[in-house]
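In: Structure, please.
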Amino acid sequence: MLAIKPASLLSNTSQRTCNVRALKQETSMGGPAAFSIAVPRNDFYKQTWRRAALAEVVGPGATTTVSASQIIDVPLFPSGGDPWADPKWTQYKWTVYRGVAYDLTSFVDRHPAGSWLINLAIGRDCTALFESYHLRPKVAVVHLQRLPVLEGFPVDAVPRSPYPSDSDLYNTVRQRVRSDIFKGTEVKGAHRTGSEWAAAAILGYAATAYSLYTWDANVITGSLLGLAGAWIGLTVQHCGNHGAMSTQAWVNGLYGLCDDLIGGSSLMWRYHHQVSHHIHCNDEVFDEDVFSAFPFLRFDARLPRAWYHKYQHIYMWALFPMLQIMFQFGDLKALLTNRTEGATLYGATDAERATVLAGKAAHYGLLLGLPALLHGPAATLIGAAAYTVTQSILLSTTFAVSHNVPESKPLHGGPTQDNLAQELDERDWGVQQVLTSANWGGAIGNFLTGGLNLQVEHHLFPAISFVHYPAIAKIVADECAKRGIPYAHYGTLPEILGRFIRYMKEVGTADQVPARGAAVAQLARL
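Out: Presented below is the predicted three-dimensional model:
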């Protein structure tokens, strides 16, 4: 029998109302009565925090039994109804910011950074998105507070977001970025400018590579085009979808759609990357990058270990070339189920959903259709295979090293583990972003990766153009040093890549770290 302390149920129940029903079994025996706790498995991500208080009871299965003295009955939803199903609330494009529900309906089309960006806030607590995307949040929140407040809204039913502006580290760094780097020019959007020349160079190379590919589709031209696809994926689409390539929303939107042309989906990327990964970096429940490759790859010791994981540092190189193909399946599955691995598409419009299929048609028309007409199917398939493998390997390795080294995922304790072991609403969000990320290289790497080599700064300031990251990195490193916060920086890509490979070998044989809280329900799902 699994037991749970009443305190773990009662703590934060105002934030985590569990979606369970307790059924009392009548008994005439002298011992305590028992309750059967059933946890629904549908819509995991919407319900995760409402399950968190009972996660220790749930264990690896769906039901268990505890004594009556150790459990309390928790309502299906708090007073106010289900905010995702009750017509009283579904008529609004609602969001929650710091415990207050607002109606965004009249503001979505007027959002300065574009409706496609604010749509991410609909149907969820947007606090972390809001505070990490506005360099001057105190000014921006004045505009938010002018919107209609939804009285009686069941705020407690909505999973609570982290609160970045509660972090002393983050507030201090953000203030220094404004005063030391932009000196007030961020008011006019200076923090979103400076990368126009980089976008022109990258797209110019991509156009040249595609011209060569259509002239003669083969392994070499396919590989050159794959390099272009990876470069766009790391820079143009990535920064565009963050709203960080231009002060003009429509320009960022067009840059973001480049993801669809190279084989991804700008819509799905925004939800799984910005809502799931960025807000909850290396959290084993909410960051899909921790568990999306499981059970094939074990990126984290908190995941179950299989016998074959001890070889993953070897066979992962056979899996990385298939990343682009896996994107195709993942995008289509998300379109059908209305959720990516890490976030439900609450705010996605019909027009945004249409970009998924239109983007696939455009991608395969350019990659396969036109070259096949010019050179035949055999040559085209060889060139397309070279494109897919090259792009996939470059993206896989560049993404993987950023959060999968001992500093960002320690196997034997330390400040990173201590931070992630805290409840979500108790963590210092700014410190979490620093501890769970690792940098490498400098200005050259910054240009080639769109700032993803300076991953710490990118996670702290996703809406700032990457050309400013080297200057911001000096501020972040200085403030971390003052506070004794570890700041991981490797000299080169080969250096951090080598450490990533060793980490994958180590985590492949490491004992599983016992899951706590909501992670229990998540691991039972894998």
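In: Buried residues, stretch 193-201. List them.
Out: Neighbour-count burial for stretch 193-201, counted by 16 or more other Cβ atoms under 10 Å, picks out 193, 195, 198-199. Heads up, the C-betas are built off the backbone N, CA and C, glycines and all.
In: Which single one of the residues you listed is nearest to Ala358?
Out: Ala199 (22.1 Å; Cβ to Cβ).
In: Which helix or which strand is home to the closest one?
Out: Element membership for Ala199 (DSSP states H and E) is helix 196-215.
In: now do Val431
Out: Going by DSSP H and E, Val431 is in helix 429-435.
In: helix or strand right after that helix?
Out: strand 439-440.
In: That next one pairs with which strands?
Out: strand 489-490 (parallel) (DSSP bridges).
In: What mean pLDDT does the partner strand get?
Out: The pLDDT scores in strand 489-490 average 96.
In: quick one, what contacts the closest residue to Leu367 other than its chain neighbours?
Out: Excluding the flanking residues, the one nearest Leu367 by Cβ to Cβ, 6 or more residues apart in numbering is Ala384, at 5.2 Å. Residues near Ala384 by Cβ atoms under 8 Å, 6 or more residues apart in numbering: 217, 222, 367-368, 371.
In: again, only using 7 Å
Out: Applying Cβ atoms under 7 Å, 6 or more residues apart in numbering to Ala384 gives the contacts 222, 367-368.
In: Kindly reformat the buried residues of stretch 193-201 as TSV and extend each row with pLDDT.
Out: Putting the buried residues of stretch 193-201 into TSV (pLDDT from 0 to 100) gives the following:
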residue	pLDDT
Thr193	91
Ser195	91
Ala198	94
Ala199	95
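In: quick one: which of these is nearest Leu394?
Out: The closest of the buried residues of stretch 193-201, once distances to Leu394 are taken by Cβ to Cβ, is Ala198, at 17.1 Å.
In: how close does the closest one sit to Gly450?
Out: 8 Å (Cβ to Cβ, to the nearest Å).
In: Mutual contacts of the two, please.
Out: With Cβ under 7 Å, 6+ apart as the test, Ala198 and Gly450 both reach Thr235.
In: now the strands for the chain?
Out: 21-25, 34-38, 63-67, 94-97, 100-103, 439-440, 489-490 (DSSP state E).
In: so how far is the fifth one from its chain's centroid?
Out: With Cα atoms, centre = their mean, to the nearest Å as the basis, the distance from the averaged C-alpha position of strand 100-103 to the chain average is 23 Å.
In: hmm, which helix or strand of the chain has the shakiest average pLDDT?
Out: Taking mean pLDDT, DSSP states H and E as the measure, the chain has strand 21-25 as its least confident helix or strand, at a mean of 27.
In: Pull up the gap between Phe294 and Asp300, please.
Out: Counting by Cβ to Cβ, the separation of Phe294 from Asp300 is 8 Å.
In: Those two: which is more packed in?
Out: Neighbours per residue, other Cβ atoms under 10 Å: of Phe294 and Asp300, the larger number sits with Asp300, 22 against 16.
In: That one touches Glu284, doesn't it?
Out: Yes: in this structure Asp300 lies within contact range of Glu284 using Cβ atoms under 7 Å: 6.1 Å.
In: what is in contact with these two at once?
Out: With Cβ under 7 Å, 6+ apart as the test, Asp300 and Glu284 both reach Val290.
In: buried sites along stretch 200-220?
Out: Within stretch 200-220, the residues scored as buried using 16+ other Cβ under 10 Å are 202-203, 206, 209-210, 213-214, 217-218.
In: Give the buried residues for the lengthiest helix in the chain.
Out: As assigned by DSSP state H, the longest helix anywhere in the chain is helix 377-401. Neighbour counts over helix 377-401 (16+ other Cβ under 10 Å) mark 379-380, 382-384, 386-401 as buried.
In: what does stretch 350-366 give?
Out: Using 16+ other Cβ under 10 Å as the burial criterion, the residues of stretch 350-366 that qualify are 352-353, 355-356, 359-360, 362-363, 366.
In: Please convert the residues you listed to JSON lines, extending it with pLDDT.
Out: Output for those, formatted as JSON lines (pLDDT from 0 to 100):
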{"residue": "Glu352", "pLDDT": "97"}
{"residue": "Arg353", "pLDDT": "96"}
{"residue": "Thr355", "pLDDT": "97"}
{"residue": "Val356", "pLDDT": "96"}
{"residue": "Gly359", "pLDDT": "97"}
{"residue": "Lys360", "pLDDT": "97"}
{"residue": "Ala362", "pLDDT": "97"}
{"residue": "His363", "pLDDT": "97"}
{"residue": "Leu366", "pLDDT": "97"}
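In: could you dump those to JSON lines with distance to Pro87?
Out: JSON lines is the format used below for the buried residues of stretch 350-366 (distance: Cβ to Cβ, whole Å):
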{"residue": "Glu352", "distance to Pro87": "23"}
{"residue": "Arg353", "distance to Pro87": "22"}
{"residue": "Thr355", "distance to Pro87": "28"}
{"residue": "Val356", "distance to Pro87": "28"}
{"residue": "Gly359", "distance to Pro87": "33"}
{"residue": "Lys360", "distance to Pro87": "34"}
{"residue": "Ala362", "distance to Pro87": "37"}
{"residue": "His363", "distance to Pro87": "38"}
{"residue": "Leu366", "distance to Pro87": "43"}
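In: quick one, what contacts the closest residue to Val96 other than its chain neighbours?
Out: Using Cβ to Cβ, 6+ apart and skipping the chain neighbours, the partner closest in space to Val96 is Asp125 (4.4 Å). Neighbouring residues of Asp125 by Cβ under 7 Å, 6+ apart: 96, 158-161.
In: if I pick Tyr170, what's in contact with it?
Out: Tyr170 sits next to 164, 429-430, 460 when contact means Cβ under 7 Å, 6+ apart.
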